[in-house]
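fold the following.
(one chain, ligands or ions: 1)
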Amino acid sequence: MYKLTIHGDDVIARVEPEIYGHFTEHIGGVFYDGIWVGEDSKIPNIRGLRLDLIEKMRQIHAPVIRWPGGCFAEAYDWRDGIGPRENRPTRINWWRNWDGRYEPNSVGTHEFVDFCRLVGAEPYIAANITSLPPLAIRDWMDYCNSPAGTTTLAREREKNGAREPFGVKYWGVGNETWGGGGNMTGEMYAHEYRKYAVVMENADRKAQLICSGADHDDWRWANDVLRVLEPSYKIMSGLSLHFYCGAAGDPLAFTEEEWYRQLRQALDLERAIERNWGFVVGYGMEKRARLVVDEWGCWHPGGSGPSPRMKEYGIEPAPNNPEGVGNLFEQQSTMRDAMVAAATLNLFQNHAEKVKMATVAQLVNNLHCLFLAGGEHFITTPTYHVFDMMKDHMGGDALRVSGTKGEIAREKYKIPGISCSASVKDGKLTITLANLSVTESAEVQLALSELNAGGEAEYTILTAGDPHDHNSYEEPDKVTLKRDKGAYDGFVTVPPFSVMTVRVRI
Ligand code: AHR
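Numbers count the residues shown, from 1 in each chain. Next up is the predicted model:
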């Protein structure tokens, strides 16, 4: 029996809705044809954007979407993606060496912002600081945000169909600047940041600038960057962090050992959050710049997704992708991925004072995706259901949870038996529990301190017959949510490899 106490008088911080955000890059099948099917497509769409996807994104109240990359961002010129589509250039894109495809620029700033507005999400643009000068980024901000009729670029935007400003408030200053984004040292990037940030802040005083942060647990990066940044850290609203967990076997046919290995890796995110946050606090920035985990999720070996192989698209496999795997980095998602999603979102909530935004990589047809789509096919993954069942936490006050979360020790991996977070909003307590055991049910006693709960509770559960279960074009609803209601007595049983959300009036 796990005994957990939820402390009504110990608010960690507000659960920023933006921790439930998404990442979309021009890579593989994310845009073409995950999000973008084109206006003339027979697939239902709004102005070329896949309708089913828009509706599902509204259902989960998607708060923010990051674009255009990722590494793609660092070789992207925003001017390629504006104006009449038939006049836009076709370019070698960042990922050409991997998937042999060119970038048609059918999706640019207008289409991306349109997608965000249709979904109800804020756009978050990652600016290219590797191959564009600061002035080009200033111009992009001018194009997006200047009031109608004011500047030459605002008039160009209007000519291209958008009189009113896009109001883009989140701007990334580069992406993975330790790697694809310029291959810099922390010190080098900090000097670049100072230059770009001062120009970008001047272009739009309301813009929130996100500093390119560390990979995984490279805690030195944050120290190196923040040490050199002073006084430019005053123009920073967030420090990014990227955290993928991979190398844990086949995405569909993993072993029990790999189940625990994957979860162990996922839970190590907590250490990365704490270390990076240590530097933010150490440099006195905690009031203005919290962490932005703008790429996270499972990264499995490619080839498990449903898209056809490259040859079926008429494309010769590229040297980096000798097997010609269809959509680059497309992977299937099982209950294991759902478990990682729930445990990660629980972590963000339990560190709500440190994490202000997070965008899962990536939205569709790529890595830890919520959707798989191809032509007329469109399905949700188990991870989508986790976002759906946890959405009531958004905007709530995260409460401290204490107690015995158990310990599972398999081989060399030690993990807690249960992952839990809780929040209150609008007179309701929402608790999410993920049973990390792949074999045992979890009996959980949920004690409430300084909180009175009563009446009927709503129970939502994501469970399956087998941890490898997943959705496919043939069986789109094999893994889906089940809902129930019942008197709240403070005891729940969570089946193995399952996620449960309890909602009760307080
Ligand atoms: O999400 C795929 C890639 O992973 C992104 O382009 C990059 O930022 C990261 O390394």
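
rest of the way, CA atoms for contacts and neighbours
Fine.

center of the protein - which residue?
Within the chain, one residue has its C-alpha closest to the average C-alpha position: by CA atoms, centre = their mean, that is Val360, at 1.7 Å.

so that residue sits against Gly21, correct?
Yes. Counting by CA atoms under 8 Å, Gly21 is a contact partner of Val360 at 6.4 Å.

tell me the pLDDT of the residue of the stretch 301-450 of the chain found nearest the ligand.
Distances between the stretch 301-450 of the chain and the ligand by CA to the nearest ligand atom are smallest at Ala361, namely 5.6 Å. We have a pLDDT of 98 for Ala361.

number of residues surrounding it?
Other residues near Ala361 come to 27 when the count uses other CA atoms under 10 Å.

give me the phi and psi angles of it.
Backbone torsions of Ala361, given as degrees, to the nearest 10, read phi -110, psi 120.

so what's the residue nearest to the centre of the chain up against?
Residues in contact with Val360, defined by CA atoms under 8 Å, 6 or more residues apart in numbering, are Tyr20, Gly21, His22, Phe23, Asp294, Glu295, Trp296, Gly297, His368, Cys369.

pretty sure the first one sits against Lys356.
What it means is Tyr20. No. Counting by CA under 8 Å, Lys356 is not a contact partner of Tyr20; they are 10.0 Å apart.

host element of the residue nearest to the centre of the chain?
Element membership of Val360 [criterion: DSSP states H and E] is strand 355-361.

now the helices for the stretch 351-500 of the chain?
All helices of the stretch 351-500 of the chain, identified by DSSP state H, counting those that start in this stretch, fall at 382-389.

pull up the residues of it that are close to the ligand.
Contact residues (CA under 6 Å from any ligand atom) of the stretch 351-500 of the chain with the ligand: Ala361.

about what we covered before: let's see which of the contacts of Val360 end up in strands.
The members of the contacts of Val360 that map onto strands under DSSP state E are Gly21, His22, Phe23, Asp294, Glu295, Trp296, Gly297.

the fifth one and the ligand, how far apart?
Relative to the ligand, Glu295 is positioned 7 Å away (criterion: CA to the nearest ligand atom, to the nearest Å).

give me the number of residues near that residue?
Glu295 has 24 neighbours, counted by other CA under 10 Å.

which residues does it bridge with?
Each beta-bridge partner of Glu295 is listed here: His242, as defined by DSSP bridges.

which part of this protein gets nearest to the ligand, residue-wise?
Closest point on the chain to the ligand, by CA to the nearest ligand atom, is Gly70, at 3.3 Å.

that residue reaches Asn93, doesn't it?
No. Counting by CA under 8 Å, Gly70 stays clear of Asn93, with 12.0 Å between them.

so these two - more neighbours on which side?
Between Gly70 and Asn93, counted using other CA under 10 Å, Gly70 has the larger neighbour count: 25 against 22.

look up phi and psi at the more buried one.
Per-residue torsions, Gly70: phi 70, psi 180 (degrees, to the nearest 10).

list the residues that contact Ser240.
Per CA under 8 Å, 6+ apart, neighbours of Ser240: Ile210, Cys211, Ser212, Gly213, Ala214, Leu291, Val292, Val293, Asp294.

Ala341 and Tyr384 touch, don't they?
No. Under the criterion of CA under 8 Å, Ala341 is not in contact with Tyr384, lying 9.2 Å apart.

could you check which of these two is surrounded by more residues?
Taking neighbours as other CA under 10 Å, Ala341 and Tyr384 compare with Ala341 leading, 26 against 22.

give me the element the more buried one is part of.
helix 335-350.

quick one: mean pLDDT for that helix?
Averaging pLDDT along helix 335-350 yields 98.

and what of stretch 493-506?
Average pLDDT, stretch 493-506: 97.

in it, what counts as buried?
Under the neighbour-count criterion of 16 or more other CA atoms under 10 Å, stretch 493-506 has Val494, Pro495, Pro496, Phe497, Ser498, Val499, Met500, Thr501, Val502, Arg503, Val504, Arg505 buried.

next SSE downstream of the lengthiest helix in the chain?
Ranked by residue count and defined by DSSP state H, the top helix of the chain is helix 186-203. Past helix 186-203, heading to the C-terminal end, the next element that is a helix or strand (DSSP H and E) is strand 208-215.

many thanks, have a good one.
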